[in-house]
Structure formats: structure tokens, C-alpha cells
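S.K.: one predicted model, sequence on top.
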Amino acid sequence: MKCIAIDDEPLALDLLEDNISMVPYLQLTGKCTNAFEAMEILRHQQVDLIFLDIQMPGLTGLQFLESLPNKPIVILITAYEKYALEGFNLAVTDYLVKPVSLERFIKACNKAQELHQLKTGSKTAKEQADFFFINVDYSLLKVVFSDIVWIEGLKDYVKIHLKSTHKPIITRMSVKGMEEQLPPAKFIRIHKSYIISVAEISSIRKNSVFLHEQELPVGDTYREGLYAIAGKNM
């Protein structure tokens, strides 16, 4: 996706550029310190996504957004929460409040990519890709879906158990956040603390699921979904 970044603060613009460079499917084609520079870019090239600050001199981000006849996908990034309602009334895809964590930034980008693929008539990112990227030790690590056996939640972290290594990957993310990154046809949540690969299920009991030698508990809330995958009625 071709994108531009608009922010009147040079340091914030540089940080935004760094974050964009770590998202494989984004191509930064322009950096702007005001809305008028962005207008000039939009006149001469196709842009799929705009990262837009709100408080800028001359023309605010929201005024700039209202002026566009054909709006690209827009993610607002601002230091102020008070403009959230107005932003969503203008159909922005996401609203990020500074400082923005890399995890939250990637989540917003994934949402924008899925919307872009929906608009262009292609498959969603989750259906199309066989991998995703997660933040591990200040870098983005590629994880292939078919390599995952199960995922374990540990408060603010998740532990990803893989077939390819005995050492699990640990990343700062909630179980819910991880669940949103995974294709629902390949993974199922069986407990408030566990997500498993459907392909790795070897057997199911009333309160347990077995991934070959590994036994994991099944929560009451999630049992019906698990049995539905197994083709049984509760």
C-alpha cells in the first residue's frame, strides 16, 4: 500500500517513518509537514493510506480531510483524544493517541490493509497471507501460521509455542490482540489464556483438548465453539 505521513513535528514525523518502514506491506511515498504539501502529492500520485496529524498550522488535519473529494484510507495520529468522535464521523479507519506503541500501530495498519483489500476486491490479509509479523526484542519477527501449535497468555504477554523450535516466542500483547491477528479458520480460542491451531488437535475431551502430547484446559465459554469444529452438538 502506498502511503504518506503528515505531521508538523519533525521528530514525530521521523518516528512515524520508522514505524512505517517496519510494516512490510507499506510503501512510504511522501512525508509532509502540513496539509498543503499533502494536497500537492495527492494531485500527482495515487495514495492508498494517509497517516494524519490533527493539530497543524494553517489547515488542521480534520479540515484537510473534509476538503478531500476522494478520500484514501486515513489513520489519525494525534496527542489529543477529544477529536476521536469527529474523526470517526469522517470515516477514518483508526484513531491513535500519541505516544503510539508499535503493537498498536501495526494493528491499525492491519485494519487499513484489510479495508484496502476489501475495496480492491481481493482477499483479506488474513486469508491471503500464511504468516504475520510480531514485535520481539525491538524487531519484527515473521511467524508462519502453520508453525504455531498453541499460544499461551501471560498477563500482558503471550507465549507462542512453535513446531520448529523448543523455545517459545514471547511478545508483549494481550491474548485478544493476538487472536485478532490470526485467521479464524486456522485457530480457535479454547480458554481465556489459550489459543490453539485447529490442525494440531489430536483429540478432545469434555474439559481438555490434546495437541498430541500436550493437554490444555477448555473453558466453559469456549467449549461450544470447540465442539462445533469437531462436528458435534453440545
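M.R.: Received the coordinates, thanks. Numbers count the residues shown, from 1 in each chain.
S.K.: immediately after the lowest-mean-pLDDT helix or strand in the chain, which helix or strand?
M.R.: Using mean pLDDT, DSSP states H and E, the weakest-scoring helix or strand in the chain turns out to be helix 125-128, at a mean of 53. Remark: after helix 125-128, the chain's next helix or strand is strand 131-136, criterion DSSP states H and E.
S.K.: sheet partners, orientation included, of that next one?
M.R.: strand 139-144 (antiparallel) (DSSP bridges).
S.K.: in stretch 13-32, which residues are buried?
M.R.: By 16 or more other C-beta atoms under 10 Å, the buried positions in stretch 13-32 come out as 13, 15-16, 19-20, 23, 26, 28, 30-32. Backbone N, C-alpha and C define where each C-beta goes, glycine included.
S.K.: just how off-centre is it within its chain?
M.R.: A distance of 15 Å separates the centroid of the chain from that of stretch 13-32, by C-alpha atoms, centre = their mean, to the nearest Å.
S.K.: contact partners for the most centrally placed residue in the chain?
M.R.: Nearest to the mean C-alpha position of the chain, counting by C-alpha atoms, centre = their mean, stands K107 at 2.2 Å. Taking C-beta atoms under 8 Å, 6 or more residues apart in numbering, we find K107 in contact with 94, 177, 180-181.
S.K.: low-scoring stretches of the chain, by residue?
M.R.: 87, 121-129, 138, 231-234 (pLDDT under 70).
S.K.: can I see the domain layout of it?
M.R.: 2-126, 130-229 (automatic domain parsing).
S.K.: just the terminal-to-terminal distance for the last one.
M.R.: End-to-end distance of domain 130-229 (C-alpha to C-alpha, to the nearest Å): 21 Å.
S.K.: give me the element L13 is part of.
M.R.: helix 10-21.
S.K.: I appreciate the help and will end here.
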